[in-house]
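K.L.:
Whatever this is, show me its structure:
(2 chains)
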Amino acid sequence: MERGYWIKSKPVYTSLVWHEKATSHLVLATGIGGMAVLKLFQQMHPRQPVTVLYARYAQMDADYSETLKKVVPENLYIFKFEEALLASLKEILPDTRMGLRLYVAGSEGFIWDVAGVAKQFGIDDAEIMKELTDTLARSVYCVHCKSVTRNVTTNIVPCCGCERMLFVRDHFSRNLGAYMGLMVDAESPGELPAIEEIYP
Amino acid sequence: MALNFKQETFRDDYSYSNSAHAIRRFPFPFAEDQYMYSVNIEPHTKGEPGSVYEFPFDIDEHYVAECLDKEITLMQDPGRYHALPHMMDAQWDFLELTMTALANDYPEHFSLSRNGQTWTWDNKPLGVCDTFTFGDSSTLVREPFDYIGRQVQGDFVLLDQRDGTLYADAGIVTSQADWSLAFNVGMSWKEWHGPVPRATEIGVMDRALKYLLNLQLANPVRRLNWTMTVNPRLDTSPENYPYWGGDRNKVNTDNVGDLVNLRVELQSLFRLPRSNAIVFSIRCYLMSLKDVTSYPRWAKRLHRVQKTMHPDLIEYKGMTKFHPIVVDWLSKFDDGAELGIGTHPE
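P.N.:
Numbers count the residues shown, from 1 in each chain, chains lettered A, B, ... in the order given. The predicted model follows:
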């Protein structure tokens, strides 16, 4: 896409499927990600213990908490905000054991927030199954001032840190959980291409 | 032979220049009239005396000025150095490799004395002399990779090998051709090379990775890579793109020979003994197009390579704006005579 060629560092997201080999399962979802959890529970239920953490996605009305309460038999925790869910995750992870499987469904920002927390406990993001829902909105790392602008839906966005207009590249850093933003008019100040919503 | 280190700059007034000797030993990368990515990796064996391949780490007349430029860049942006915590063994491996090589190959300028774990490193050109305990970071003013990385020309990335691939888990990067260490640190081989056009399609990256995973201790390898840079600027980082990107507009028919530089990276890779990591060394050489034309063979070759360059590569290397001017200017030096295969100047 970018300048006629395709960049391979963009993560691949799949549909959630239970791992057969596990000691326990931890499912985290926000917003429409609740539907991904419901789909998981349509599959043959694993024998190991399952815990589900769910929060609404702040930017949308979608709320699956009532349905989840009916479908998830036990260990379901509902949160008002993503931040509370992530705080709870930080409390749960120290007590988990080898063989824990993690499943995440939600916006890309949420997915990589979870991966960031998991990393602090030695869990590599490759171990986490991820499903993208709700939005294609991106977190964008400004390569100039190092700020991260969240929930970006357009090809070009003003940096929340230095206010430069950033072109959102398709180059993704798992370490930062963000795409690269590069000043778009450095070579010709003030000349901006059309700003379009392409990550709705 | 003692080197004469020049006083020069890679920013602001750009007083950098090459001596006739430096031009002659320049690692000109084009052996044929066309260019496309290939797995052009060869053993990093000892080359001719005086050549850039004579020693594992080439130190030249630009050494002192380049280390000073590196200091400035690191002072302005400490994020140009980054090492993930599990890379400490690799850091000491790197320090041992570079100190041993420099002391052995340039005894007039560097010396290393070892007494058990107590080492003394004497770097005369930079006026650094320190005694420290090998393996104990608290005895150095910085982490070992940071400490010695500042005292060797070029950029260095330490690659950790696991899960059948290589991860860029540490780096000291101040003379890069438009890639960001802060963004790339922790990336796997495939993620890192994601932006390189056409290379993945023709299978180059997979084959190069397979080759490197089997890299053996004491058998380093190398390849050349290249681009063109306006002004002899080492720090063409994306971080500072707002400050150098506009220079691309300044190239015209009258100044192209002076302003545009052929930028060649001598990339070499060494397996490390304790950590099993790999050092990826990226040594940058800059030469103005005018200096390229010191040797008619090089001028003709460069003209033909540029004239037939794939548009995707021109764009990827950031040359789109001034590339037609370069080709047009070089055409004056090309009489069409047949050139044999090889990168030699004469």
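K.L.:
Quick one: low-confidence residue ranges for chain A.
P.N.:
A:1-8, A:58-59 (pLDDT under 70).
K.L.:
got it, and the stretch 51-200 of chain B?
P.N.:
Short version for the stretch 51-200 of chain B, where the test is pLDDT under 70: B:195-200.
K.L.:
Longest helix in the chain, by number of residues?
P.N.:
No chain specified, so I'll use chain A. Longest helix in chain A by number of residues (criterion: DSSP state H): helix A:108-120.
K.L.:
should've been chain B
P.N.:
Across chain B, the longest stretch assigned as helix under DSSP H is helix B:88-105.
K.L.:
and it, how far from the chain's centre?
P.N.:
From the chain centre to the centre of helix B:88-105 is a distance of 18 Å (C-alpha atoms, centre = their mean, to the nearest Å).
K.L.:
how about it: buried residues?
P.N.:
B:88-99, B:101-103, B:105 (16 or more other C-beta atoms under 10 Å in any protein chain shown). Just so you know, the C-beta spots here come from the backbone N, C-alpha and C atoms, and that holds for glycine as well.
K.L.:
With stretch B:135-155 instead?
P.N.:
Buried positions in stretch B:135-155, judged by neighbour count with 16+ other C-beta under 10 Å: B:137, B:140, B:143-155.
K.L.:
For those, work out which two are farthest apart.
P.N.:
Comparing all pairs in the buried residues of stretch B:135-155 by C-beta to C-beta, the longest separation belongs to B:137 and B:153, at 23.7 Å.
K.L.:
count of neighbours near residue B:168?
P.N.:
Neighbour count of residue B:168, defined by other C-beta atoms under 10 Å in any protein chain shown: 23.
K.L.:
ignore the last one, residue B:254
P.N.:
Applying other C-beta under 10 Å, I find that residue B:254 has 10 neighbouring residues.
K.L.:
cool, residue B:247 as well?
P.N.:
Neighbours of residue B:247 (other C-beta under 10 Å): 18.
K.L.:
So it sits against residue B:230, correct?
P.N.:
Yes: using C-beta atoms under 8 Å, residue B:247 makes contact with residue B:230 at a distance of 4.2 Å.
K.L.:
So which other helices or strands are in contact with the longest strand along chain A?
P.N.:
The strand that spans the most residues within chain A, counting by DSSP state E, is strand A:165-173. Where contact means 3 or more C-beta pairs under 8 Å, 6 or more residues apart in numbering or on different chains; DSSP states H and E, strand A:165-173 is packed against strand A:138-142, strand A:156-158, strand A:178-183, helix B:181-184.
K.L.:
Format the ones you listed as TSV; extra columns: mean neighbour count and distance to residue A:67.
P.N.:
Below are those laid out as TSV (neighbours: other C-beta atoms under 10 Å in any protein chain shown; distance: least, C-beta to C-beta, whole Å):
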stretch	mean neighbour count	distance to residue A:67
strand A:138-142	25	29
strand A:156-158	19	35
strand A:178-183	25	32
helix B:181-184	23	40
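K.L.:
What distance do you get for the residue most central in space within chain A to chain B?
P.N.:
Centroid-nearest residue in chain A: residue A:111, 2.0 Å away (criterion: C-alpha atoms, centre = their mean). Separation of residue A:111 from chain B (C-beta to the nearest C-beta, to the nearest Å): 16 Å.
K.L.:
Let me know the secondary structure of residue B:59.
P.N.:
coil (DSSP: H, G, I helix; E, B strand; the rest coil).
K.L.:
Please look at residue B:74 and residue B:149 and confirm they touch.
P.N.:
No: Residue B:74 lies out of contact with residue B:149 (C-beta under 8 Å); the separation is 9.3 Å.
K.L.:
Common neighbours of the two, please.
P.N.:
Shared contacts of residue B:74 and residue B:149 (C-beta atoms under 8 Å, 6 or more residues apart in numbering or on different chains): B:81, B:172.
K.L.:
What's the local residue count around residue A:120?
P.N.:
There are 10 residues near residue A:120, going by other C-beta under 10 Å.
K.L.:
what's near enough to touch it?
P.N.:
A:90, A:93.
K.L.:
and the nearest residue to residue A:46 once chain neighbours are set aside, how many residues sit next to it?
P.N.:
Among residues not flanking residue A:46 along the chain, residue A:18 sits closest, at 4.9 Å (C-beta to C-beta, 6 or more residues apart in numbering or on different chains). With neighbours defined by other C-beta under 10 Å, the count for residue A:18 comes to 18.
K.L.:
Please settle this for me: is residue A:86 part of a strand?
P.N.:
No: going by three-state DSSP, the assignment for residue A:86 is helix, not a strand.
K.L.:
My guess is it contacts residue A:114. True?
P.N.:
Yes: the pair residue A:86 / residue A:114 is scored as a contact, 7.1 Å apart, by C-beta under 8 Å.
K.L.:
rewinding a little: overlap of the contact sets of residue B:247 and residue B:230?
P.N.:
Both residue B:247 and residue B:230 are contacted by residue B:259, under the criterion C-beta under 8 Å, 6+ apart.
K.L.:
residues contacting the residue nearest to residue A:136 when sequence neighbours are not counted?
P.N.:
Once flanking residues are discounted, residue A:136 sits nearest to residue A:199: 4.1 Å by C-beta to C-beta, 6+ apart. Contacts for residue A:199 (C-beta under 8 Å, 6+ apart) come out as A:135-138, A:152-154, A:168.
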